[in-house]
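Chemist: here you go, sequence then predicted model.
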Amino acid sequence: MIKIVPLLIFNIIWFILPPYIANMAPVIWGGGPPLDGGRLFFDGKRLLGKAKTIRGTFVGILAGTIVGLLQHIVYPFPSLGYALLRGFLLGAGAIGGDIAGSFIKRRFNIESGDAAPLLDQLDFMIGAIILMYPLGLPPLEIILMSILITPFVHLISNAVWYLAGKKEVWW
Ligand code: CTP
Ligand code: MG
């Protein structure tokens with residue numbers, strides 16, 4: 001027990017860091033022209049909406065990859081190539097999942113910025129898990145714990161952003 005619990009926590013943190021940072025980076029460095037170029041889907045609603053930008057997408061994927069590289073420096077993976085690919089897949093997966101979440105929200109008539117509970121909190125983690133699958137996922141308990149804690153971490157960090165005046169709404 002004494003050895004297993006810290007190891008479990010370390011593995012969870014190590015797994016969630018690239019997708020978490022990838023998901024946060026566009027909030028800070030995103031903005032500019034939208035990824036969907038303002039285009040509408042067949043339903044007449046925006047394809048993705050104004051909150052998914054080209055710069056944010058690029059910055060998010062890059063952030064995930066850089067985190068993977070930093071993790072490799074702190075605690076080496078089998079190779080540098082593996083570390084970079086892992087960071088890229090977790091970052092791109094997070095950004096892709098978040099984009100898919102926006103696509104789904106628009107189809108259900110939920111405006112950019114309006115809440116879609118659980119989808120808003122989990123879309124990026126689900127995307128990261130899917131893209132990471134071919135390279136090999138950590139054990140199931142790590143995946144499940146990562147998913148379980150994510151909505152709580154999300155709520156807490158949003159509250160912090162809100163109190164810091166960086167976010168309009170607390171959720
Ligand atoms: N962002 C971005 N590019 C992305 C993802 C996010 O530029 N691919 C930036 C945008 O500035 C966006 C902010 O990050 O406003 C927060 O993203 P998110 O919380 O996903 O936006 P929402 O307002 O929730 O929009 P949506 O309903 O589409 O999820
Ligand atoms: Mg979102």
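Modeler: Noted; the coordinates are in hand. Ligands and ions are numbered 1, 2, ... in the order given.
Chemist: where's residue 62 relative to residue 19, distance?
Modeler: Separation of residue 62 from residue 19 (CB to CB, to the nearest Å): 14 Å. For glycine as for every other residue, the C-beta is placed from the backbone atoms N, C-alpha and C.
Chemist: now swap in residue 92 and tell me
Modeler: Separation of residue 92 from residue 19 (CB to CB) stands at 10 Å.
Chemist: which one of those two has more residues nearby?
Modeler: residue 19 (33 against 23; other CB atoms under 10 Å).
Chemist: is that one in a helix, a strand, or coil?
Modeler: Following DSSP: H, G, I helix; E, B strand; the rest coil, the label given to residue 19 is helix.
Chemist: tell me who's in contact with it.
Modeler: Residue 19 sits next to 64, 90-91, 93-94, 124-125, 127-128 when contact means CB atoms under 8 Å, 6 or more residues apart in numbering.
Chemist: out of the residues you listed, which is most surrounded?
Modeler: Neighbour max across the contacts of residue 19 (other CB under 10 Å) = residue 94, 33 neighbours.
Chemist: residues touching that one, list them.
Modeler: 18-20, 22-23, 60, 64, 124-125, 127-128.
Chemist: just the ones of those residues in helices?
Modeler: Members of the contacts of residue 94 lying in helices (criterion: DSSP state H): 18-20, 22-23, 60, 64, 124-125, 127-128.
Chemist: on that earlier part again, pLDDT and distance to residue 8 added to the contacts of residue 19, as CSV?
Modeler: Converted to CSV, the contacts of residue 19 look like this (pLDDT from 0 to 100; distance: CB to CB, whole Å):
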residue, pLDDT, distance to residue 8
64, 98, 22
90, 98, 19
91, 98, 23
93, 98, 22
94, 98, 22
124, 98, 22
125, 98, 17
127, 98, 23
128, 98, 19
